[in-house]
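sequence and predicted structure, then a few things I'm wondering about:
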Amino acid sequence: MPLFKPVSEKDVTRAIIDGFLKQFREYAESDVIIVGAGPSGLIAGRDLASKGYKVLISERNNYLGGGFWIGGYLMNKLTVRAPGEKVLDELGVPYEEAKPGLFMADGPHACSKLIAAACDAGVKFASLTMCDDVLLREGNRVAGVVVNWTPVSAMPREITCVDPVGLEAKVVIDATGHDACVLKRLEDRGLLKTIGFGAMWVEASEDLIVEHTGEIHPGLVVCGMAVSTAYGLPRMGPTFGGMLLSGKRAAEVVTKILEKEPGEKKKTPLKAELV
């Protein structure tokens, strides 16, 4: 007697298609779109979704977590400096003290916990999705992103005439690391100027990254190492407390923006209206 229920290939295919389309339709409009699923984007998404906001994270790779998986030099160990270990406590990540004020955790364990926390809070994801452009409204306010499949960018142009699609949001967060992909789209249009990240200086970098996390352009908040690229701050290397606290700061900034929205204080429904 077979162990599993009888389900054919067409049933599996239809389940995948229906599930994807249902979610994509619902999240064509979100409270917050976070571009980049590294540690700063994931913790920002977790905190915002925990408050009931509708959050979509787009990620150009086919995996979530960025460098948080592997820590430094492919050795699967990551470090945080105090007070970053408090975030590890929140997530239930085990760690050990390498020296006073410096803590070490297993990258796969920490990253798995962070991704699970974001999912448990209600964050949804669009993987293999790259930010192609931004949506602009009155006063050049950022009102969403234009996205396309990542593989499209790797194919010959003559066979990839694939138009991107737009996703609307009240606030966009650029959490794309040193690439600062969303900021670069605004820079292309002459709306801001990035400086580029500086050389590694761990002790200076983390405080500066958190300090400069904020709304850099109307409708656009920057966090994580994209902050470094925006303001010419030192890179921080394989220590992640600054990224986690920058993500939490970004969530606080976005919450204040959303609470100030005139006549729009209610959150976006988690299910799209049927037409």
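It's in. Numbering: from 1, shown residues only.

you'd agree residue 257 is in a strand?
No: with the criterion set as DSSP: H, G, I helix; E, B strand; the rest coil, the secondary structure at residue 257 is helix rather than a strand.

based on its surroundings, how many neighbours for it?
Taking other CB atoms under 10 Å as the criterion, the count of residues near residue 257 is 15. Yep, even glycine has a C-beta here, placed from its N, CA and C like the rest.

so it makes contact with residue 169?
No: taking contact to mean CB atoms under 8 Å, the distance of 11.3 Å between residue 257 and residue 169 leaves them out of contact.

over to residue 169: give its phi and psi.
Residue 169 has phi and psi values of phi -160, psi 150 when expressed as degrees, to the nearest 10.

so where does the closest residue to it other than its chain neighbours fall, helix or strand?
With CB to CB, 6 or more residues apart in numbering as the criterion, residue 169 has its nearest non-adjacent residue at 4.0 Å, and that residue is residue 33. Residue 33 is part of strand 29-35 when elements are defined by DSSP states H and E.

partners of that strand, with directions?
strand 55-58 (parallel), strand 165-174 (parallel) (DSSP bridges).

please, where are all the strands along the stretch 1-150 of the chain?
Counting by DSSP state E, counting those that start in this stretch, the stretch 1-150 of the chain forms strands over residues 29-35, 55-58, 77-81, 96-99, 102-106, 124-126, 129-136, 142-149, given from the N-terminal end onward.

can you count the residues close to the residue nearest to residue 169?
Tallying neighbours of residue 33 according to other CB under 10 Å, which is how burial is gauged here, yields 29.

list the contacts for it?
When contacts are counted by CB atoms under 8 Å, 6 or more residues apart in numbering, residue 33 touches 55-58, 144-145, 167, 169, 171-173.

same thing but at 6 Å, please
Residue 33 sits next to 56, 145, 167, 169, 172 when contact means CB atoms under 6 Å, 6 or more residues apart in numbering.

equivalent analysis for residue 239, please.
When contacts are counted by CB under 6 Å, 6+ apart, residue 239 touches 79, 81, 202.

make sure the last one is actually in contact with residue 237.
So that's residue 202. Yes: if you go by CB atoms under 6 Å, residue 202 and residue 237 touch, sitting 5.5 Å apart.

quick revisit: could you measure from the residue nearest to residue 169 over to residue 57?
Distance, residue 33 to residue 57, using CB to CB, to the nearest Å: 8 Å.
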